[in-house]
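Undergrad: Next input, structure requested:
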Amino acid sequence: MRGSRIIRVKPVLDLRAALKNAVVAAATAFGLFALLIGIRTDQGPSGGLELTPRFGTLGILVAIAFVGGLLRGILFGERRIHIAPRLPAAATAVLDRVGRMFAPALLAFALAVPILFYHDRYILDLSIQILTYVMLGWGLNIVVGLAGLLDLGYVAFYAVGAYSYALIATNFGLSFWMCLPISGILACFWGVLLGFPVLRLRGDYLAIVTLAFGEIIRLVLINWQSVTGGPNGVPGIPRPSFFGIPFNAEEGGFAATFGLEYSATYRIVFLFYVILALALLTNWVTIRLRRLPIGRAWEALREDEIACRSLGINTTNVKLTAFAMGAMFGGFAGSFFATRQGFISPESFTFSESALVLAIVVLGGMGSQLGVVIAATVMLGGFELFREFAQYRMLVFGLAMVAIMVWRPRGLIATRSPSVFLERRKGIEPGLVREERG
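TA: Model prediction:
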């Protein structure tokens with residue numbers, strides 16, 4: 001009718017549904033935290049296990065879950081909560097400019113870390129650990145992020161590289177620089193061996209096979225005692241030298257050769273720059289490969305394997321090259337890990353290492369090099385930050401991962417830079433990229 005008005009009626013608050021959501025949230029929190037937080041296990045004076053109830057802490061967590069569920073039901077009802085709305089164009093442009101400057105600034109800071117924290121051994125060791133996982137993340141990013149192949153056994157190549165260097169260096173007396181390419185080649189060979197059985201597998205089936213491969217390697221390292229030393233590992237692994245000059249206090253050592261006062265920090269600084277150089281090499285090779293036809297074939301395989309085959313791309317070779325390249329960089333990182341530690345054992349190559357590296361790749365943004373760096377720094381730095389709260393560390397870590405996955409489902413850096421462009425490079429928005437689930 002002419003002149004009629006449309007009256008918008010606000011939805012009536014459904015308190016009953018809000019209470020139902022709150023009760024469900026509280027029950028879920030109770031089921032999750034009843035044994036993790038509600039009961040603490042300690043070793044008694046006689047060596048037995050003692051249980052200490054902590055019902056107060058459990059009640060606080062359940063109450064927080066109840067209040068959160070109630071507020072969600074009152075404020076949002078059954079509507080979906082949009083946590084990450086689209087930013088304005090001006091803000092996006094500013095963030096793009098800042099992002100282009102962030103990577104060079106991060107590299108400059110990495111080069112200056114040994115200078116800024118020369119007298120802080122803890123920071124130097126933590127930085128070396130972070131760079132090691134950055135290199136592992138960049139290697140796995142080739143398989144998972146670029147080729148779209150879910151690999152849960154990446155730690156196997158890490159172990160192959162470490163044991164290859166340890167056994168060759170201890171038995172044949174070769175230096176670190178001679179064993180480094182050998183370790184990468186052997187890990188690459190095992191990557192090709194893994195690639196052949198999984199050529200026809202995708203998704204969950206591929207993940208199960210790669211997980212089994214990682215466990216097979218670990219069990220072989222434990223039981224082949226005549227070669228690997230079994231559970232006792234390989235001790236006395238040689239340390240790297242500076243072009244044949246060892247880092248010791250003797251006459252021919254590094255300090256005496258250059259007329260410096262002896263300090264054990266020289267070796268730590270040298271190891272830092274070695275792993276930084278290896279990580280930068282991994283990054284440079286990955287970026288160059290992504291711009292080559294093989295890199296574009298990896299991305300085509302990730303998006304749609306059937307369409308990839310219809311275009312005449314040999315998916316067999318594409319998958320094998322992805323596994324081989326990722327495994328080679330994992331072998332390089334394993335070789336560095338062995339020479340840094342001086343001792344390795346199968347306990348250092350469990351499934352939790354594969355899960356951690358995969359979490360770094362996924363949280364950082366699959367296919368994003370800078371995202372891997374940020375995720376590795378945040379995760380490993382977070383572990384150290386909450387070390388004093390050991391009993392709550394994994395709880396906070398799990399909640400943070402869930403929050404990031406809800407806020408940024410495609411990772412911290414979801415935009416992708418195209419490898420081929422006509423006039424100017426323009427980032428691809430996350431919403432325009434199909435999320436592969438196969």
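Undergrad: residue ranges for the strands of the protein, please.
TA: Applying DSSP state E to the chain gives strands spanning 39-43, 49-53.
Undergrad: pretty sure I182 contacts I168?
TA: Yes - the criterion here is Cβ atoms under 8 Å, and I182 meets it with I168 at 6.3 Å. From N, CA and C alone the C-beta is placed, and that goes for glycine too.
Undergrad: Identify whichever of the strands of the chain lies nearest to C188.
TA: C188 lies closest, by Cβ to Cβ, to one member of the strands of the chain: strand 39-43, at 43.9 Å.
Undergrad: which residues touch stretch 244-254?
TA: For stretch 244-254, contacts defined as Cβ atoms under 8 Å, 6 or more residues apart in numbering pick out 175, 239, 241-242, 255-257, 260, 262, 264, 266-267, 270.
Undergrad: 10 Å instead, please
TA: Stretch 244-254 has contacts (Cβ atoms under 10 Å, 6 or more residues apart in numbering) with 175, 177, 238-243, 255-258, 260-271.
Undergrad: Return the subset of these lying in helices.
TA: 177, 255-257, 265-271 (DSSP state H).
Undergrad: Need the buried ones from those residues selected in PyMOL.
TA: The PyMOL selection below is limited to those of the ones in helices among the contacts of stretch 244-254 classed as buried (16 or more other Cβ atoms under 10 Å):
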select buried, resi 255+266+267+268+269+270+271
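Undergrad: which of the ones in helices among the contacts of stretch 244-254 lies closest to V192?
TA: Nearest member of the ones in helices among the contacts of stretch 244-254 to V192, counting by Cβ to Cβ, is W177, at 24.5 Å.
Undergrad: Can you read off the backbone torsions of the nearest residue to the closest one once chain neighbours are set aside?
TA: Excluding its sequence neighbours, the residue lying closest to W177 (Cβ to Cβ, 6 or more residues apart in numbering) is P240, at 7.5 Å. Here is the backbone geometry of P240 (degrees, to the nearest 10): phi -70, psi 160.
Undergrad: ok, now which ones touch P240?
TA: Here P240 is in contact with 169, 175-177, 179-180, 246-247, 267, 270-271, 274, 335-336, 339-340 (Cβ under 10 Å, 6+ apart).
Undergrad: before we move on, back to that, so what sits against both of I182 and I168?
TA: 174, 335.
Undergrad: Output the strands of the chain in TSV; the columns should cover distance to P409.
TA: TSV is the format used below for those (distance: least, Cβ to Cβ, whole Å):
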stretch	distance to P409
strand 39-43	34
strand 49-53	38
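Undergrad: and of these, who's closest to G139?
TA: That would be strand 39-43 among the strands of the chain, by Cβ to Cβ, at 37.4 Å.
Undergrad: Pull up the pairing partners for the closest one, direction included.
TA: In the sheet, strand 39-43 lines up against strand 49-53 (antiparallel) (DSSP bridges).
Undergrad: which residues touch the strand it pairs with?
TA: By Cβ under 10 Å, 6+ apart, strand 49-53 touches 38-44.
Undergrad: Most neighbours among those, which one is it?
TA: Of all the contacts of strand 49-53, G38 has the most neighbours under the rule other Cβ atoms under 10 Å, reaching 17 neighbours.
Undergrad: so what's that one closest to, chain neighbours aside?
TA: The shortest distance from G38 to any non-neighbouring residue, by Cβ to Cβ, 6+ apart, is to L58 (3.9 Å).
Undergrad: What score does the one you found have for pLDDT?
TA: Looking at L58, its pLDDT stands at 83.
Undergrad: for it, what are its contacts?
TA: So L58 contacts 29-30, 33-39 (Cβ under 10 Å, 6+ apart).
Undergrad: and those as a markdown table, adding pLDDT and distance to P114?
TA: Below are those laid out as a markdown table (pLDDT from 0 to 100; distance: Cβ to Cβ, whole Å):
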| residue | pLDDT | distance to P114 |
| --- | --- | --- |
| A29 | 84 | 45 |
| F30 | 85 | 49 |
| F33 | 80 | 42 |
| A34 | 81 | 47 |
| L35 | 78 | 44 |
| L36 | 75 | 40 |
| I37 | 77 | 41 |
| G38 | 78 | 46 |
| I39 | 80 | 45 |
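Undergrad: which among the residues you listed gets closest to A324?
TA: Top of the list for closeness to A324, among the contacts of L58 and by Cβ to Cβ, is L36 at 40.9 Å.
Undergrad: May I have the residues that are in contact with the nearest residue to that closest one once chain neighbours are set aside?
TA: Nearest non-adjacent residue to L36, counting by Cβ to Cβ, 6+ apart: L395, 7.0 Å away. Neighbour list for L395: 32-33, 36-37, 61, 386, 389 [criterion: Cβ under 10 Å, 6+ apart].
Undergrad: Name only those of those that count as buried.
TA: 33, 37, 61, 386.
Undergrad: any idea how far the second one is from G44?
TA: This points to I37. With the distance defined as Cβ to Cβ, to the nearest Å, I37 ends up 21 Å from G44.
Undergrad: do the same with the first one
TA: Relative to G44, F33 is positioned 24 Å away (Cβ to Cβ).
Undergrad: How about the contacts made by the closest residue to I413 other than its chain neighbours?
TA: Of all residues not flanking I413 in the chain, G371 sits nearest, at 3.7 Å (Cβ to Cβ, 6+ apart). Going by Cβ under 10 Å, 6+ apart, G371 touches 137, 141, 145, 360-365, 408, 410-415.
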